[in-house]
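1. let me see the structure of the following:
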Amino acid sequence: QCVSLGFKGIKVRLGRAVDEDVDLVRLVREHVGPDLLIGVDSYWFHDVDSAIELVQRIAPYRIHFFEEPIPQYQVDGLERLQHSSPIRVAVGERVYSARAFADLARRDAARVFEPDATLNGGLLSCMEIADIAGRSSIEVIPHIGGPTVVGLAANLQWATAARVRLFEF
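-> From the prediction side, this is the model:
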């Protein structure tokens, strides 16, 4: 039903054990078919080593991004994971400043940024984050984890101005 409404992808919540997460990703891919984008989100469940194991095992299922595999303040770990991963690491809902996003870009610690105007400093800050991402060939997918009418409107405004391709809702 959502695909018929124009949705281009889904996000799957992981965070059980690696074997269970792999089974879930496999089942979702089988259910939605080969064309729908799938993002996965483990909400800080993994350490770096288990996240690396997981990305290697789910890569054949064509995953668009892996959100919050480890805490976003563990930049060394994110960098190690991203450099070992066939899947792009996504961060943003707990990265609170353009300066922090710039550090992630400089270190190539994530390849998808997910800013939210209600969490990351407002419209202008999100535009700055999108600019940082653009200069580093990082995809921007606005993260709207707990939408309110005002938050949704704010994020639609900057995302439209920044010409993002996908929008999480």
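2. quickly find the element holding Ile63.
-> Assigned by DSSP states H and E, Ile63 falls within no helix or strand.
3. right, I mislabeled it, should have said Gln157
-> Going by DSSP H and E, Gln157 is part of helix 149-161.
4. buried ones in that helix?
-> Of all the residues in helix 149-161, those buried under the rule 16 or more other Cβ atoms under 10 Å are Gly151, Leu152, Ala154, Asn155, Trp158, Ala159. Where C-beta positions appear, they are placed from N, C-alpha and C, glycine not excepted.
5. what about the residue lying closest to Lys8 once chain neighbours are set aside, how many neighbours?
-> Nearest non-adjacent residue to Lys8, counting by Cβ to Cβ, 6 or more residues apart in numbering: Leu37, 5.6 Å away. Burial measure for Leu37: 16 neighbouring residues, criterion other Cβ atoms under 10 Å.
6. bridging residues for Leu37?
-> In this structure, Leu37 bridges to Gly9 when assessed by DSSP bridges.
7. lowest confidence element among the helices and strands of this protein?
-> helix 149-161 (a mean of 92; mean pLDDT, DSSP states H and E).
8. how many neighbours does Val32 have?
-> With neighbours defined by other Cβ under 10 Å, the count for Val32 comes to 16.
9. what about this protein, any weak spots by pLDDT?
-> Applying pLDDT under 70 to the chain picks out residues 145-146.
10. what about the strands in the chain?
-> Along the chain, counting by DSSP state E, strands occupy 9-13, 37-41, 65-67, 89-91, 112-113, 139-140.
11. can you list those strands in TSV and add distance to Val75?
-> Output for the strands of the chain, formatted as TSV (distance: least, Cβ to Cβ, whole Å):
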stretch	distance to Val75
strand 9-13	23
strand 37-41	19
strand 65-67	16
strand 89-91	9
strand 112-113	14
strand 139-140	19
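12. quick one, helices of the chain?
-> All helices of the chain, identified by DSSP state H, fall at 18-32, 48-58, 75-84, 98-106, 123-135, 149-161.
13. fine by me, we can end here.
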